[in-house]
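Engineer: can you look at this prediction? I've put the sequence above it.
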2 protein chains.
Amino acid sequence: MAATKRLTQRDIARLAGVSQATVSLVLNGAVSAEGRIPQETRERVNKVIRETGYVADPVARRMAKGLNRILGVFTYEPAFPSAQADFFTPFLLGIEEAAQELGYDLLLLTGAAAGKQRKIFGNNTRLRLADGCLVLGREFDRDELARLVAGDYPFVAVGRRDDAGGPVPYVGSDYASATADLVDQVRRLGHTRIAYVGPSEGAESTIDRWAGFSGAIAGLHVVAHIPDVGQRGDKNLDFLLASGATAVFFTELADAIEVEEAARRRGIEVPDALSIVVLGNHIRAEKPGRRFTSFSIPREAMARGATEMLVRRVEQNAPIEQILLQCDPVEGETLGPAHRTSLKTRP
Amino acid sequence: MAATKRLTQRDIARLAGVSQATVSLVLNGAVSAEGRIPQETRERVNKVIRETGYVADPVARRMAKGLNRILGVFTYEPAFPSAQADFFTPFLLGIEEAAQELGYDLLLLTGAAAGKQRKIFGNNTRLRLADGCLVLGREFDRDELARLVAGDYPFVAVGRRDDAGGPVPYVGSDYASATADLVDQVRRLGHTRIAYVGPSEGAESTIDRWAGFSGAIAGLHVVAHIPDVGQRGDKNLDFLLASGATAVFFTELADAIEVEEAARRRGIEVPDALSIVVLGNHIRAEKPGRRFTSFSIPREAMARGATEMLVRRVEQNAPIEQILLQCDPVEGETLGPAHRTSLKTRP
DNA sequence: ACAAAACGCTAATACGTATTAGCTGTTAAT
DNA sequence: ATTAACAGCTAATACGTATTAGCGTTTTGT
């Protein structure tokens, strides 16, 4: 079947006039002190390897040694649709850079398509092909996560994850603190009536933002909460204005953009009449529009950190860690003092 | 280290009172007709499998089968920095989808490299980790391509490639025909004086566009050709107007956008006073501006096709194929009849 | 009743690498 | 001179699965 036979160590051995074992010994470093193979032989073998472009079969490697210096990457949503691409691209960049530095290759595990969401554990799990696995996605399958936690296969999640029958190793970012900091800033600017546009439950990232928000609102009035995302800007704006809010927190940049545009059309000044805060940044969209007050998610650093953690677990069997990285505040130009708006009359 | 030894078929066999071979036969479907194992035995084995939660080790599976079911994805430019991401993302999406359907995982060789252009050979013998490899990028290294063609490692290029010491297997798209169709359309609309903004040589995609253009211009006057890309829109517009062209072909969307904006600023109507045609589409940028008349490059389909072709080559040793996909026309709103402009006086 | 066929299963082996035990020939030690 | 040590290699085996050849037993055909 297979088009062309793969080169094997036996082939190399024949060409170099040594045994397969010798080829393996030469390949696996074994400082000339260790395995006692003279420089001359090493060079003869290496020459053949160079000339033929031989590389050890990673599958056989993993079979024999249990390690193949490959890290798996599993994404719960397809990694590259343009809608998702913005989401995964910075993570992949960070993973790739870290993996390269650490001497690992990356295997994108395509998993099993199971309707809308993918599955790691399909009929034939390919999970163990790599030495360990990074898992990313907006929303994880809780049962699968529990299976991963229960198993002994090394993995690390990118993004915080709740316990799933045990602690989940992850490198995430601290949405809660970052959100709380923005709330504090809003308070310091004199706002008392605030609103929240975005869900309060769902994935961990959602929960964290809401937790940071609701844990920091002492002394403030949450006069509106619109849990639905993706509604028309005008409708949202109507509701927000009616509530008397002077500062609004958005979980979705797209919603913020719509409301800001609606406000601009009506001559409502941002931030003079209405302050807008976005809980996180997107990669794009920085260009054209308004620069929103928000915080930046250190996606690349998360990915690097997760990769390094995974390698620690693979190579040194390091204990499970859970790391949260800070989100840097983005000052933007959509948050201002609450002066004028505090005069607004209420029905 | 590992908490508990992994279950193997031997364990299952012992528990079910059969041999390892029987377990394997039961696992691998083998319709009850095929391998002649009675229902009763099957059920006994399956029961144990269910109770223990056994899953076959994918590494050993692939080892035994002789195929790793891994496809390499090599890009000549780093794929994930956001600058390049727009270019590669749709291709990667197509590859990912096709690979998933075909049961392959993807080895990502898409990272940064030492030099300016990345090399397949040299350090990156790692390509051979995979069963075969997809190669993509704006510009290929000709020598490397020749080496690939000469070697017996299965690969397929995404995008048409000239022969390199032999035919290169590829799935590309037919820029020449698509461009020629646009030229015909322009002619039918009464234009006689046309211009071309973009290089006439370089990578295959460039050459194909130019070939399609110059092969279809019978009866038309090419009154301007600006081979340089990325110039200021005003400068280009000056030149184009001075030439008396009524329809302009752009290879780069960015150039077209600049010229269109410059025209708008000066009150020159598009397409009434000047028709603009773009030879290909970009993923983004559809949103904000003008919808240009152009053709759409079936990037995802190209990638899918290339992946399928590669799998054919890997699994069935299929012969080299070269496939060009059609580009669908995009009507847009920047190409119109040449009425008014034909009145333009010439110096 | 006896050979032939069918059935139900297993032993043996291949896959490509890593690794350990051990073999051969040379050199050093006593 | 004999033994011991050592250098330089190789044979053999394990890893877990898929697969083929084939073995013993039962059924079928005549």
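Structural biologist: Here it is on my side, so go on.

Engineer: contacts and neighbour counts: CA atoms only from here.
Structural biologist: Will do.

Engineer: confidence-wise, which helix or strand of chain A is lowest on average?
Structural biologist: strand A:112-114 (a mean of 70; mean pLDDT, DSSP states H and E).

Engineer: so which bits of the helix or strand following it are buried?
Structural biologist: The helix or strand immediately downstream of strand A:112-114 is strand A:117-119, counting by DSSP states H and E. Neighbour-count burial for strand A:117-119, counted by 16 or more other Cα atoms under 10 Å in any protein chain shown, picks out A:Arg118, A:Lys119.

Engineer: how far off centre is strand A:117-119?
Structural biologist: In terms of Cα atoms, centre = their mean, to the nearest Å, the gap separating the centre of strand A:117-119 from the centre of its chain is 17 Å.

Engineer: just stretch A:300-317 next, same as before
Structural biologist: Counting by Cα atoms, centre = their mean, stretch A:300-317 comes out at 13 Å from the chain centroid.

Engineer: do the same with stretch A:101-117
Structural biologist: Averaged C-alpha coordinates place stretch A:101-117 at 13 Å from its chain's average position (Cα atoms, centre = their mean).

Engineer: and stretch A:158-177, by the same measure?
Structural biologist: 11 Å.

Engineer: how about low-confidence regions in the stretch 101-250 of chain A?
Structural biologist: Within the stretch 101-250 of chain A, the stretches with pLDDT under 70 are A:114-116, A:122-124.

Engineer: tell me the residue of it that sits nearest chain B?
Structural biologist: A:Leu107 (4.4 Å; Cα to the nearest Cα).

Engineer: the closest residue to DNA strand D within the stretch 51-200 of chain A: what secondary structure?
Structural biologist: Using Cα to the nearest atom of the strand, the single residue of the stretch 51-200 of chain A nearest to DNA strand D is A:Ala64, 3.6 Å away. Counting by DSSP: H, G, I helix; E, B strand; the rest coil, the backbone at A:Ala64 sits in helix.

Engineer: show me what contacts it?
Structural biologist: Contact analysis of A:Ala64 by Cα atoms under 8 Å, 6 or more residues apart in numbering or on different chains lists nothing.

Engineer: if I look at it, how far off is B:Leu71?
Structural biologist: 22 Å (Cα to Cα, to the nearest Å).

Engineer: re the thing from before, and the pLDDT for the residue of the stretch 51-200 of chain A closest to DNA strand D?
Structural biologist: We note a pLDDT of 93 for A:Ala64 in this prediction.

Engineer: DNA strand D contacts on chain A?
Structural biologist: Within chain A, the positions near DNA strand D by Cα under 7 Å from any atom of the strand are A:17-22, A:35-38, A:40-41, A:60, A:63-64.

Engineer: any idea which of those residues the model trusts least?
Structural biologist: Model confidence across the residues of chain A next to DNA strand D bottoms out at A:Gly35, which has 58.

Engineer: and for the nearest residue to A:Ile268 once chain neighbours are set aside, the neighbour number?
Structural biologist: Nearest residue to A:Ile268, sequence neighbours excluded (Cα to Cα, 6 or more residues apart in numbering or on different chains): A:Leu274, at 7.5 Å. Burial of A:Leu274, expressed as a neighbour count using other Cα atoms under 10 Å in any protein chain shown, amounts to 24.

Engineer: how long is stretch A:14-21 end to end?
Structural biologist: End-to-end for stretch A:14-21, by Cα to Cα: 11 Å.

Engineer: is that stretch in proximity to DNA strand C?
Structural biologist: Yes - against DNA strand C, stretch A:14-21 shows contacts by Cα under 7 Å from any atom of the strand at A:Gln20, A:Ala21.
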